[in-house]
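Colleague: Show me how the following folds:
(2 chains)
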Amino acid sequence: MTLVLPAPSVVDRFAERASAVAEVAAQFADEVDRDARPPREAIAAMREYGLLAAAVPTEHGGEGASVAELSAIATELGRACAATGMVFAMHQGQVMALWRHGGDGAGVLETIEDVRGGALVASATSERGVGGDARRSTCSIEPTDDGRIRLRKDAPVISYATEADAVFVTARRDPDAPASDQRLLICRTDTMVLSQTSTWDTMGLRGTCSNGWILDTETTTDRVFRDDYAAISAQTVLPVSHVLWASVWLGIAVSSAERARSAVRKQARASVGTTPPGALRLAELLVDLQALADSVRHAAERFDAAADDPDVLASSAYALAANALKIGASERVTDIVTKALRIVGIAGYAASGPMSIARHLRDAHGAAVMVSNDRLLGNDADLAIMTGVIL
Amino acid sequence: MEQDPNPSSATATATIAGPATDRAVRRALAEHGRLTVDAWGVASIADLYVLGLTSHATVNVMLAVESELDVEFPDSVLNRSTFASVESITAAAELAAELAS
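Modeller: The predicted structure is shown next:
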């Protein structure tokens, strides 16, 4: 039995649209996974139903979705197709920085308008040579003779670059700045050249198409964000991304649990009145799943509550909590999916079919690897000496 | 279990000869519903929770209907009100059959 609780109306306004997009995403999920190609149909549906623009604030003419609302959407999408969910999650983590940190330069305001119209934003944060540390850059924003700026970045990963209308790129503030003095630059697709350097042929999350690219751009100074990237990362990109990634992983876990439930229900139907042995394992699985759901949604609400308080967002305790969600959720999701596989049994072990858990398991393992948990723990280690958890 | 404390249910025996879905629902209720009255004689709109149905028994009623009709109730109907009467369970089972076809 599903306990149907009246959902808060604030969550309701996106529910039908999220469900419509999820239906499209589900239809192509296996093909997207098999061919490691972008979930184009679902991206088009997200654009059509206004989900890409959901978070644009009302003062910019948008719907002003909270992170709690985005979290619910991300889970619904992740349940259907994890790659689609991740595209949504990564996009939102970037675009929220626009109005929170962009300032009022013409290039920034124009990009907000583009996002309101359904533009998809990708990001190039990691860089070859700095070992995946998004908070250090080698490349820099260079002034040209005619007052414009240029940038060349060798990015080992830019997810869904071929589908994006803009890429937000980190770089050192100027050629003399230290590696950690970063700025965020808006590169519209029509002002940049991408040369592919590597191919994303992975175990899971194949549809994010996170290929390596060298990005060359020449643009105007009004496309540089007002705030430095240290603030953008700490107050927006990192906490929002962690919540929304975890929301997608929750969706993967939910979907695997649904298959487990379906398998147990089939067993139960065969001898009504006798609880099948798998039901106990299913009940146990739901304990883990509920804990994951609670931690994800609570983290989303915590961000919304602190969204306008830079002091809270910049605190060590908040940074630890944001990392804790990512690390904890990524470990839980593989555990839950593995348990679901055991409950379903051989039909779950099948590589395809309505009860297969194969894609779920492969996608779930991406969670701990994308921004390695060990890197986050390494960042946490110093903070942990002086900071506890948020109770 | 044969006694009938609910006077309204005694008048509903005509529905026994109803369609297959109604029969499947009543059979499931008779075998697994643990009602305080005879499920075959319950009025279609009588409140089954008043007549002894519990949420635990509901699970087996659902499974029995699913098994007999070879359908699966969609999540959207799996709530307390669906199992409140023979009529509402029958409607849900017919929706499940439509979705399956």
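Colleague: who's in contact with the least confident helix or strand in chain B by mean pLDDT?
Modeller: Ranked by mean pLDDT, DSSP states H and E, the weakest helix or strand in chain B is helix B:86-100, scoring a mean of 92. Contact partners of helix B:86-100, identified using CB atoms under 8 Å, 6 or more residues apart in numbering or on different chains, comprise B:15, B:21-22, B:24-26, B:29, B:39, B:42-46, B:48, B:61, B:65-66, B:69-74, B:77, B:81-83. Every C-beta, even on glycine, is put in place using the N, C-alpha and C of the backbone.
Colleague: Checking the closest residue to A:Arg136 other than its chain neighbours next. Helix, strand or coil?
Modeller: In space, and not counting its chain neighbours, A:Arg136 is closest to A:Ala179: 4.2 Å by CB to CB, 6 or more residues apart in numbering or on different chains. In three-state terms, and counting by DSSP: H, G, I helix; E, B strand; the rest coil, A:Ala179 is coil.
Colleague: and A:Ala179, what does it touch?
Modeller: For A:Ala179, the contacting residues are A:Val130, A:Arg136, A:Ser137, A:Thr138, A:Arg172, by CB under 8 Å, 6+ apart.
Colleague: Redo those as a markdown table? Include pLDDT and secondary structure.
Modeller: Formatted as a markdown table, the contacts of A:Ala179 follow (pLDDT from 0 to 100; DSSP: H, G, I helix; E, B strand; the rest coil):
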| residue | pLDDT | secondary structure |
| --- | --- | --- |
| A:Val130 | 84 | coil |
| A:Arg136 | 93 | coil |
| A:Ser137 | 95 | coil |
| A:Thr138 | 94 | coil |
| A:Arg172 | 96 | strand |
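Colleague: pLDDT score for residue 1?
Modeller: Just going to use chain A. Taken from the predicted model, the pLDDT recorded for A:Met1 is 46.
Colleague: other chain: chain B
Modeller: On the pLDDT scale, B:Met1 is placed at 41.
Colleague: again, but for B:Ala10
Modeller: B:Ala10 is assigned a pLDDT of 42 by the prediction.
Colleague: again with the one 4 residues further on
Modeller: Among the per-residue scores, B:Ala14 holds a pLDDT of 39.
Colleague: And for B:Asp4?
Modeller: On pLDDT, B:Asp4 comes in at 43.
Colleague: and the residue in the stretch 51-200 of chain A that chain B sits nearest to, what element?
Modeller: Per CB to the nearest CB, A:Arg79 is where the stretch 51-200 of chain A lies closest to chain B, at 11.8 Å. Assignment of secondary structure by DSSP states H and E places A:Arg79 within helix A:67-80.
Colleague: tell me what the following helix or strand past that helix is packed against?
Modeller: Sequence-wise, the next helix or strand downstream of helix A:67-80 (DSSP H and E) is helix A:82-101. When contacts are defined as 3 or more CB pairs under 8 Å, 6 or more residues apart in numbering or on different chains; DSSP states H and E, helix A:82-101 packs onto helix A:9-35, helix A:40-48, helix A:67-80, helix A:106-116, strand A:121-124, helix A:229-232, helix A:238-270, helix A:358-364.
Colleague: Give me the distance between helix A:82-101 and the centre of its chain.
Modeller: From the chain centre to the centre of helix A:82-101 is a distance of 6 Å (CA atoms, centre = their mean, to the nearest Å).
Colleague: residues touching the residue nearest the centre of chain A, list them.
Modeller: The central residue of chain A, meaning the one whose C-alpha is nearest the mean C-alpha position (CA atoms, centre = their mean), is A:Ala89 at 3.1 Å. When contacts are counted by CB under 8 Å, 6+ apart, A:Ala89 touches A:Ala74, A:Ser241, A:Leu244, A:Trp245, A:Ser247, A:Val248.
Colleague: cool, and A:Phe225?
Modeller: When contacts are counted by CB under 8 Å, 6+ apart, A:Phe225 touches A:Ala97, A:Leu98, A:His101, A:Gly102, A:Gly103, A:Val108, A:Arg183, A:Leu184, A:Leu185, A:Ile186, A:Ile232.
Colleague: Looks to me like A:Lys153 is in a strand.
Modeller: Yes - counting by three-state DSSP, one finds A:Lys153 located in a strand.
Colleague: Get me the contact residues on the stretch 201-350 of chain A for chain B.
Modeller: Applying CB under 8 Å from any CB of the partner chain, one finds that the stretch 201-350 of chain A approaches chain B through A:Ser262, A:Arg265, A:Ala268, A:Arg269, A:Ala270, A:Val272, A:Gly273.
Colleague: quick one: buried residues of stretch A:228-243?
Modeller: Within stretch A:228-243, the residues that qualify as buried are A:229, A:231-243, counting by 16 or more other CB atoms under 10 Å in any protein chain shown.
Colleague: do the same with stretch B:68-83
Modeller: Counting neighbours by 16+ other CB under 10 Å, one finds that the buried residues in stretch B:68-83 are B:Glu68, B:Leu69, B:Val71, B:Glu72, B:Phe73, B:Val77, B:Leu78, B:Thr82, B:Phe83.
Colleague: Considering these, which is situated nearest to chain A?
Modeller: For those, the minimum distance to chain A (CB to the nearest CB) is 4.7 Å, reached by B:Leu78.
Colleague: pLDDT wise, what is B:Pro7 at?
Modeller: pLDDT, B:Pro7: 42.
Colleague: For chain A, see how far away B:Val42 is.
Modeller: Applying CB to the nearest CB, to the nearest Å, the value for B:Val42 to chain A is 19 Å.
Colleague: was I right about that residue contacting B:Gly33?
Modeller: No - the pair B:Val42 / B:Gly33 is not scored as a contact, 9.2 Å apart, by CB atoms under 8 Å.
Colleague: what residues do those two have in common as contacts?
Modeller: Overlap between the contact sets of B:Val42 and B:Gly33, as judged by CB under 8 Å, 6+ apart, is given by B:Leu48.
Colleague: how about the helices in chain B?
Modeller: Listed in chain order, the helices of chain B (DSSP state H) span B:20-32, B:55-69, B:86-100.
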